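**Q** give me the fold of what follows.
(chains A and B)
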Amino acid sequence: MQIAIISGKGGTGKSSITAAFASIEKNVVLADCDVDASNLYLLFTPTHEKEQAYIGAETAIIDNNLCISCMKCLENCRFDAISYINQKIIISDVACDGCGLCARICPTQAIMTQQHDKSRLYSGSFRYGKMVYGVLAPGEENSGKLVNEVRSKANIIATENDLAITLIDGPPGIGCPVISAIANVDGVVLVTEPTLSGFHDLKRIKEIADNFRLPAWVIINKFTINEKISSEIEAWCKKEKVNFAGKIPFDLVMVEAMTQLKTIIEYQPNGTITKKLKEIYNYIKLNINKQTN
Amino acid sequence: MLFKTHGDKQLKIAIASGKGGTGKTFVATNLYSVLQQNQVSSILIDCDAEEPNDHFFFKSISKTDKEVQVNIPVISAESCIFCDKCYEYCHYNAIFYLPSLQQIHVMEDLCHSCGACSVACEHNAITEKKKTIGTVTTYLLSGNYKLIESRVNIGVYSPVPVITSAIKEAEQQGIIILDAPPGTSCPFIHTVNNADYVVLVAEPTPFGLSDLQKTIAVLHILEKPFGIVINKSDIGTLAMSDFIQKENYDLLLSIPFDRSVASFYSEGKIMAEREEKWKEIFENLIDKIIETACK
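**A** Numbers count the residues shown, from 1 in each chain, chains lettered A, B, ... in the order given. Down below sits the predicted model:
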C-alpha cells in the first residue's frame, strides 16, 4: 500500500504528519519526495547504505575561442538564455533549459551541453524501516524525474524487504514533482490549514488527485487557529464528497517535538495529538484497504 | 524614511524561503501595505504561480487577465518523410515516433517549446500552435496600486514562463515586491534572479535551518545579495541565529510568534493595517532592506 501526503501550500505540517504516520506504523518504506527541501532525514538520521548520482538536466556551455559570433544560437534560443555582450556570446546557466538546440546548430561546434550530476539519491535504514530520499543540487531543475527515481527505488526496497506500506512525503505546489509523487498511489492525504490560502490551495490540489482518480482524505492541521475557516473546509468536504479524516488542534508541542528531533508520537506518546493522529492514520488505512479489496 | 526617497528609482525585492509556510506571503503583503500607506510608487507581484494567494489580502477595483501562451509544434503526417531528425533533436522525448506505422505526433505535456524540432525539419512538416499554460492577472487596487498575479494551469510542466510574464508586466519605476515560490529549483531561481535583493523568511526549527542553508547556497551561485527575517523567532532553537551570526549574514528582523496574528492573518488580513505597531515594524523593515540592498 502506498500513501502519499501532500498539501499544495507549504508549511501546513505535511512532513511532521508523515513522520508521525511512520512512527505509528513502525515498519515502512519512507520516501521523501520533497527533493527541493528534503527534511525527514534530519529527524530520522537514516544510515547511508547506498548513494546514487542522479543525472538531471543539461546546460549549454560555449567556448568563446571557437565562436565566430554568427548569432545563429542567439536567434534560435527560445529561453532568452543567450546574449551578446561586449562582442562575446554569453549563455546564462539560469535561463538555459538544456534543449541542446544551440549546440546542434553551431557551425563551429563552439557549444557543448554539459550534464548535471550533483544531485543525489540516498537510501538506508532508519528506526521505522527503510528510507529513500533525493537531494537536488542547488539550482537544479525539479522536473519530477528525481521524484520518480526516489519512488522506483522505494518500490524495489519495499519488495526486497517485504515491507507492505510505503509513505511518500510529497513536495508543495501543484506541478510535475507533485504529480510524480502521487501517480499510482493507493491513497492521497491532503494536509491543509484553516487559512484562506490553505483552503484555496486545498481545492487546487484536490483537483489533481481527482484528475488521477486517486482516493483522497483531508486532514485539517492547526484547526484552532481559525475554527470558522476550519468548519468551512469541513462543509466543503461534505459538499464535494471529499473524505474527511479529522482535524488536529494547534499546539506548539509539535514544534517542540521537532526541535528535539522527535516525532510527536515519540515526544508525547500519550498526548492528545498523538491519540488523534493514530485515529486518523488508522481510519485512512482502513478505508484504503476497503477500497483496494 | 529611506523608502520614500527610493520610490522613483526601480528596486526589485524578492521575498523568498526554501521551506513553505514560513511567512513569506505574510512579509510580502505587509511590506506592500506599508508602501501603499506611505504613497510609495510600488507593485506587488505574486510569483508563486502554483499556489498564488496574495489576492486574498487586497481589495481590488478591477482586474484584467492575460493568457500566457507557449508555442507547441504540430507535425503533419502527410508532409513528414519520417527521417527521424526531429525525434533526434527533441531533448524531452516529447515526439511520439513510430515510423513502421507512419505514426508521428507531439506529446504536448512533455514539450518544452524549445523549437528544436521546427529547426530540425527540412520538409516543412512542422508548424506551431499556441497553447495556454496560465494567466497573468493584474488587480487594480485603490490609489492606482497594482497586484500582478501569476497562475499556472494544473499539469503544466513548468510555471516559469508564467512567472517571467508576470514580472515583465511590471515595467514601471518604484519598488517592486516579488513574492517568490517555495523551493530552491527553477521557479524560485527565475524569480530571485530578476530581483536586486532577496529577503529570506525562515523559521528557527531544524527543518527551517536546513532549508535556509539550501536556499543560501543557491543565492551564492546566483551572486544575489540577501538578508534574513526570522519568523516565529521565539519557537524552535537558537541554532538559526547562531548560524546567521557566525556567517555574518544580515539579520533584518525577528518576528516573535503570536497566535492572534496567525488567526488574523488566516482570514486574509494585514497586520500593518490593523495596528500601528506592525505598521512601524514593516516600515523599519523596508528601510533596512533598502539600506542593506544599496550598501
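**Q** please enumerate the helices of the chain.
**A** Just going to use chain A. A:14-25, A:40-44, A:72-76, A:101-105, A:145-160, A:176-182, A:196-211, A:227-239, A:253-259, A:264-267, A:272-292 (DSSP state H).
**Q** wait, chain B was what I had in mind.
**A** B:2-6, B:24-37, B:85-89, B:116-120, B:160-169, B:186-192, B:206-222, B:239-247, B:259-266, B:271-274, B:276-293.
**Q** which other helices and strands contact the fifth one?
**A** Which is helix B:160-169. If contacts are counted by 3 or more Cβ pairs under 8 Å, 6 or more residues apart in numbering or on different chains; DSSP states H and E, helix B:160-169 sits against strand B:42-46, strand B:60-75, strand B:126-141, strand B:146-152, helix B:186-192. The C-beta positions use only the backbone N, C-alpha and C, and glycine is treated the same way.
**Q** again, 7 Å this time
**A** Applying 3 or more Cβ pairs under 7 Å, 6 or more residues apart in numbering or on different chains; DSSP states H and E, one finds that helix B:160-169 contacts strand B:60-75, strand B:126-141, strand B:146-152, helix B:186-192.
**Q** again, but for the longest one
**A** Helix B:276-293 sits against helix B:2-6, strand B:11-16, helix B:24-37, strand B:197-202, strand B:250-255, helix B:271-274, with contacts defined as 3+ Cβ pairs under 7 Å, 6+ apart.
**Q** any idea of the mean pLDDT in the longest one?
**A** In this model, helix B:24-37 has a mean pLDDT of 97.
**Q** can you list the buried residues in that helix?
**A** B:24-36 (16 or more other Cβ atoms under 10 Å in any protein chain shown).
**Q** quick one: residues contacting residue 33.
**A** Here I'm looking at chain A. The contact partners of A:C33, taken as Cβ atoms under 7 Å, 6 or more residues apart in numbering or on different chains, are A:V147, A:V150, A:R151, A:I168, A:D169, A:G170, A:P171, A:A181.
**Q** actually, chain B is the one I wanted.
**A** B:I270, B:A272, B:E273.
**Q** buried among those residues? Need that as a selection in PyMOL.
**A** Those of the contacts of B:S33 that count as buried under 16+ other Cβ under 10 Å are selected in PyMOL with:
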select buried, chain B and resi 270+272
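**Q** and stretch A:86-106, how far apart are its ends?
**A** 20 Å (Cα to Cα, to the nearest Å).
**Q** for it, buried residues please.
**A** The neighbour-count check on stretch A:86-106 (16+ other Cβ under 10 Å) flags A:89, A:91, A:94-106 as buried.
**Q** go through the helices and strands packed on helix B:160-169 and name the closest to A:T274.
**A** Nearest of those to A:T274, taken as Cβ to Cβ: helix B:186-192 at 34.6 Å.
**Q** and the closest residue to A:I182 other than its chain neighbours, how far from B:I75?
**A** Leaving aside its sequence neighbours, A:I182 sits nearest to A:A4 (Cβ to Cβ, 6 or more residues apart in numbering or on different chains; 4.5 Å). Remark: distance between A:A4 and B:I75 (Cβ to Cβ, to the nearest Å) = 35 Å.
**Q** the two: which is more packed in?
**A** More neighbours surround A:A4 than the other of A:A4 and B:I75, with 27 against 21 (other Cβ atoms under 10 Å in any protein chain shown).
**Q** how about the nearest residue to B:L209, chain neighbours excluded?
**A** B:M240 (5.0 Å).
**Q** distance of the one you found relative to B:K224?
**A** With distances taken as Cβ to Cβ, B:M240 is found 20 Å from B:K224.
**Q** which one's more surrounded, the two?
**A** Set side by side, B:M240 and B:K224 show more neighbours around B:M240, with 23 against 18, by other Cβ under 10 Å.
**Q** one step back: adding mean pLDDT, write the helices of chain A out as CSV.
**A** Formatted as CSV, the helices of chain A follow (pLDDT from 0 to 100):
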stretch, mean pLDDT
helix A:14-25, 97
helix A:40-44, 96
helix A:72-76, 97
helix A:101-105, 97
helix A:145-160, 95
helix A:176-182, 92
helix A:196-211, 94
helix A:227-239, 98
helix A:253-259, 95
helix A:264-267, 98
helix A:272-292, 95
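**Q** with distance to B:E283 added, can I get those helices in a markdown table?
**A** Formatted as a markdown table, those follow (distance: least, Cβ to Cβ, whole Å):
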| stretch | distance to B:E283 |
| --- | --- |
| helix A:14-25 | 34 |
| helix A:40-44 | 36 |
| helix A:72-76 | 44 |
| helix A:101-105 | 47 |
| helix A:145-160 | 42 |
| helix A:176-182 | 37 |
| helix A:196-211 | 24 |
| helix A:227-239 | 29 |
| helix A:253-259 | 29 |
| helix A:264-267 | 38 |
| helix A:272-292 | 38 |
